[in-house]
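Student: Pasting the sequence and the predicted model now:
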Amino acid sequence: MTLAEIRKQFFEYFESKGHDIVPSAPMVVKNDPTLMFINAGMNQFKDYFLGNSVPSNPRIANSQKCLRVSGKHNDLEEVGVDTYHHTMFEMLGNWSFGDYFKEEAIGWAWELLTDVYKIDKDRLYVTVFEGDEADGVPVDQESIDLWKKHIPEDRIILANKKDNFWEMGNTGPCGPCSEIHIDLRSEDERKKVDGRSLVNEDNPQVVEIWNNVFMEFNRKANGSLEPLPSKHVDTGMGLERLAMALQGKQSNYDIDLFQGLIKHMEKISGVEYGKSETTDIALRVIADHIRAISFSIADGQLPSNTGAGYVIRRILRRAVRYGYQTLGMKEPFMADLSGKLTDLMGDPFEELVLQRSLIRKVIHEEETSFFRTLEQGLRRMDLVIKKTKLANQAEIEGFIAFELHGTYGFPIDLTSLIARENGLTVDEIGFQEEMDRAKDDSRLATAVEADDWITLCDDNVEEFIGYDLLSTHVKIVKYRKVMQKKKTFFQVVFNLTPFYAEGGGQVGDVGHIELDGERAFIIDTKKENGLIIHLMNELPQNLTGNFLAVVNEKKRHASANNHSATHLLHHALRTVLGEHVEQKGSLVNSDHLRFDFSHFSKVTDEEMAKIQAMVSSEIRKNIMLEEKRNTPMELAKEMGAMALFGEKYGDTVRVIKFGDSVELCGGTHVRSTGEIGIFKITSESAVAAGVRRIEAITSEKAEAFFEKKATTLDKIALSFKNPKDVLKAVTDLQTKSNVLQKEIDQLKKGRAMQVKAELKGKIEELNGVNYLETIIDLDAGSIKDILFNLKGEVDNFVGVIGGKDNGKCSLSIIAADNIVSEKGFHAGNTIREVSKLIQGGGGGQPNFATAGGKNADGLKEAISIVKTKI
């Protein structure tokens, strides 16, 4: 039975039990500050567990794409080393929201595994929560009694809170769970050791395959538990582990999906799987990571240096490192492997097929860049080794190993390997201390402490009325205090609100609430777990009053202008560049708009002019907004609206139409395009391989932009005595200036050669080095020419020249290549150290570096320090 067939049979079974089969949510999380990625099947249903939303059917099943590489559920370093952890995995699950509970969940789980999938009952064990005295929760006797109907009592194992009490975080819904484990060992091994003793002992052949969580409590901020209003079921079964069991394998990586990827890597690397544990780990890492990376890009998350993008970059670089270090791969290989993944998983995941080219290009660019970084790291490692040996030390310091890890992507084992090959060791304790310090800093930067909600009045549904009204009377339903980055603020929920919550690229509204002359300001509006949350630095004195809530109208209208302009821009891009253009990200606020889109080359000036003209034309037409709320998704698609990859849509959607522009959108918009007034593209640039970015302004910001340009042009014309053709006047002046500059450069060059001849006679021999130091009245460019000429004429040359020119100063250092390699001298590091003496900064390569500053009096001391190093 293939992976696809196993998934299909799961859906069919739960569909027969009255469950709606829903699609996987995107792996990249939006509107939830507690998560970067979906890490469990229940994440997309948090609103239902918290009671903030009600599902159309209380019975749901799906296969959710999950990623566990950050936060509480961090499996990254175990992936590939063992045979059953993954970064991305598919979580099969069935849910009940206030409907069925333990009896049905346990009975159906057993029936599906043993009657439908035909798993041998004698290979199965179950665990049940043993209770926890501190929490006041007794042993789960109900589950024990239910399991006795299906399995011998000696296969029912009591387990502690760590293993059998599931919590989504430090606070929130939670409850006891009952896990099903399977023993995949051979008959001989099973006879030697009872499988019961290996449950929850990290044995790779005795593993959990299904977890049934019974959500019945809410964990409060003070650690106590309170019963939930309704009891829920949340189950999760790893598809890969289930496939391992059903396909008769003893490793997740032996199932059909991963073997297809591994066999591809065998062909291009020449390394056979199963011959060496070292290379097997590398092949497993690569096969696992390509799936996580490809699906993340398909869901809209590109590799970057921050947040979720940095996590994806780390995963990709880990895979490339294993290929480089263990398999001897010296050229990009992951991009090619992404195509094989698409062949294997394109059905049912069409996002891989439709974005095949983008995924490949992004990965290839990342790989190429990282291979360059690795080469730079090797050169840096060579210098570290030489410097360590010159200092008669046998150990590379921990902070240097950490620098190689952070800057060049060198894992500690690679640094240690190279060090051993050169007769050195690495301070791994110091390295780990640096790693721990960095992790602590990262945790502190993102740590959020929230008190429990304080409820003031009951209200089941918080309505958003901001499409129609910018002010209304509201009551505070609940609030809580939050601490983040040493700042305290409050989150407030109203019974209804005109404030738009951040989403769809548009920032949240700001404004205030007022009562009896007192105003309390709302500094932002966000959506979290289905709730519209208003952020306030201070609460009003009277919390139970009937407040007038007022949105900042000027900012809202400016954001609406920019959001509607974004839609017109998207349509223009697809018209001018082609229908391959798809939105890959956006930012809309009151100042400007930013739009990222798929396109594989720079937008030409001619194309940009057409796009600008098309958007401006649509604005002048004053096209009326056609808004369709609560439109069934299929009908919206028939209208021409395009669903974006990485976005989660409900059964009904809101359609925004301006002429031929039709989009699914929850943001705020103008009533007609004429309200936008003026539209001006301010920049076009690359974000990643195959992704471009356009930034633009509208309305008052655009007016101010053109007014400033006009004023500047008037001043230029006035300075040229208002010629008929200002551009020609400027061009003529540039031509004359260029001629004069060439003459000046020739004069400088002649003087520099004259100075060089004089300085050559001042070179002195110093410990086997031909050394020159001086301070002269000359610009940094001329000094550079002098130093390079002297380096070419004099062996073993080191030159240090301070320069003074038009009130500024410079310091330049040059060293012969053999001085750098033999003595471990580094001009760049040296100049960074002494540049503070001239109140400046600089840097450079090991053989040449320069710094600029404003304190010429410090040149003498700086040169003296450099001389002591020589």
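Tutor: Yep, that arrived. Numbers count the residues shown, from 1 in each chain.
Student: thought Lys148 was touching Ile156?
Tutor: Yes: taking contacts as Cβ atoms under 8 Å, Lys148 lies within contact range of Ile156: 7.2 Å. For every residue, glycine as well, the C-beta is placed using N, CA and C.
Student: between the two, which one's more packed in?
Tutor: Taking other Cβ atoms under 10 Å, Lys148 and Ile156 do not tie; Ile156 has more neighbours (19 against 11).
Student: Contacts only, for the more buried one.
Tutor: Ile156 sits next to 125-128, 144, 147-148 when contact means Cβ atoms under 8 Å, 6 or more residues apart in numbering.
Student: Quickly list what it is bridged to.
Tutor: Following DSSP bridges, Ile156 is listed with bridge partners Val126.
Student: measure stretch 804-813 end to end?
Tutor: Taking Cα to Cα, to the nearest Å, the first and last residues of stretch 804-813 lie 15 Å apart.
Student: wouldn't Lys478 be in contact with Asp452 here?
Tutor: No: using Cβ under 8 Å, Lys478 is not in contact with Asp452; the gap is 9.6 Å.
Student: could you pull out the helices for the stretch 201-350 of the chain?
Tutor: Counting by DSSP state H, counting those that start in this stretch, the segments of the stretch 201-350 of the chain that form helices are 239-246, 256-269, 277-298, 307-325, 334-345, 350-354.
Student: Asp458: neighbouring residues, count only.
Tutor: Using other Cβ under 10 Å, Asp458 has 8 other residues around it.
Student: His405 too?
Tutor: Around His405 there are 19 residues (other Cβ under 10 Å).
Student: isn't it right up against Ser416?
Tutor: No: judged on Cβ under 8 Å, His405 makes no contact with Ser416 at a distance of 11.3 Å.
Student: ranges for the strands of the stretch 101-250 of the chain?
Tutor: 124-129, 156-159, 165-167, 172-183, 206-219, 225-238 (DSSP state E, counting those that start in this stretch).
Student: Would you state the helices of the stretch 751-870 of the chain in chain order?
Tutor: Here the stretch 751-870 of the chain has its helices, by DSSP H, counting those that start in this stretch, at 780-793, 817-823, 827-834, 859-869.
Student: mean pLDDT lowest for which of those helices?
Tutor: Ranked by mean pLDDT, the helices of the stretch 751-870 of the chain bottom out at helix 817-823, which scores a mean of 87.
Student: Phe214: what's its closest spatial neighbour, skipping adjacent residues?
Tutor: Spatial nearest neighbour of Phe214, excluding adjacent residues (Cβ to Cβ, 6 or more residues apart in numbering): Gly175 at 4.7 Å.
Student: Can you give me the distance of that neighbour to Glu104?
Tutor: 16 Å (Cβ to Cβ, to the nearest Å).
Student: go on, Glu462?
Tutor: 32 Å.
Student: neighbours around Met168, how many?
Tutor: 22.
Student: circling back: need the strands of the stretch 101-250 of the chain in TSV (columns: distance to Leu50 and mean pLDDT).
Tutor: As requested, the strands of the stretch 101-250 of the chain are arranged in TSV below (distance: least, Cβ to Cβ, whole Å; pLDDT from 0 to 100):
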stretch	distance to Leu50	mean pLDDT
strand 124-129	22	98
strand 156-159	27	97
strand 165-167	14	92
strand 172-183	7	94
strand 206-219	9	94
strand 225-238	9	93
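Student: now these as CSV including distance to Glu518?
Tutor: CSV is the format used below for the strands of the stretch 101-250 of the chain (distance: least, Cβ to Cβ, whole Å):
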stretch, distance to Glu518
strand 124-129, 50
strand 156-159, 54
strand 165-167, 40
strand 172-183, 33
strand 206-219, 33
strand 225-238, 33
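Student: Which of these sits closest to Lys804?
Tutor: strand 172-183 (65.6 Å; Cβ to Cβ).
Student: How about the contacts made by Gly803?
Tutor: 775-780, 782-783, 809-812.
Student: will you turn the residues you listed into JSON lines that also has neighbour count?
Tutor: JSON lines is the format used below for the contacts of Gly803 (neighbours: other Cβ atoms under 10 Å):
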{"residue": "Ile775", "neighbour count": "16"}
{"residue": "Ile776", "neighbour count": "16"}
{"residue": "Asp777", "neighbour count": "9"}
{"residue": "Leu778", "neighbour count": "20"}
{"residue": "Asp779", "neighbour count": "15"}
{"residue": "Ala780", "neighbour count": "18"}
{"residue": "Ser782", "neighbour count": "21"}
{"residue": "Ile783", "neighbour count": "25"}
{"residue": "Cys809", "neighbour count": "24"}
{"residue": "Ser810", "neighbour count": "25"}
{"residue": "Leu811", "neighbour count": "30"}
{"residue": "Ser812", "neighbour count": "24"}
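Student: Leaving out chain neighbours, which residue sits closest to Val730?
Tutor: Ile716 (6.9 Å).
Student: Tell me if I'm right that that neighbour and Leu727 touch.
Tutor: No: counting by Cβ under 8 Å, Ile716 stays clear of Leu727, with 9.7 Å between them.
Student: the more surrounded of those two?
Tutor: Ile716 (13 against 10).
Student: since we're on the residue nearest to Trp110 when sequence neighbours are not counted, how many residues are nearby?
Tutor: Distances taken as Cβ to Cβ, 6+ apart place His150 nearest to Trp110, at 4.6 Å, with adjacent residues excluded. Counted with other Cβ under 10 Å, residues neighbouring His150 total 17.
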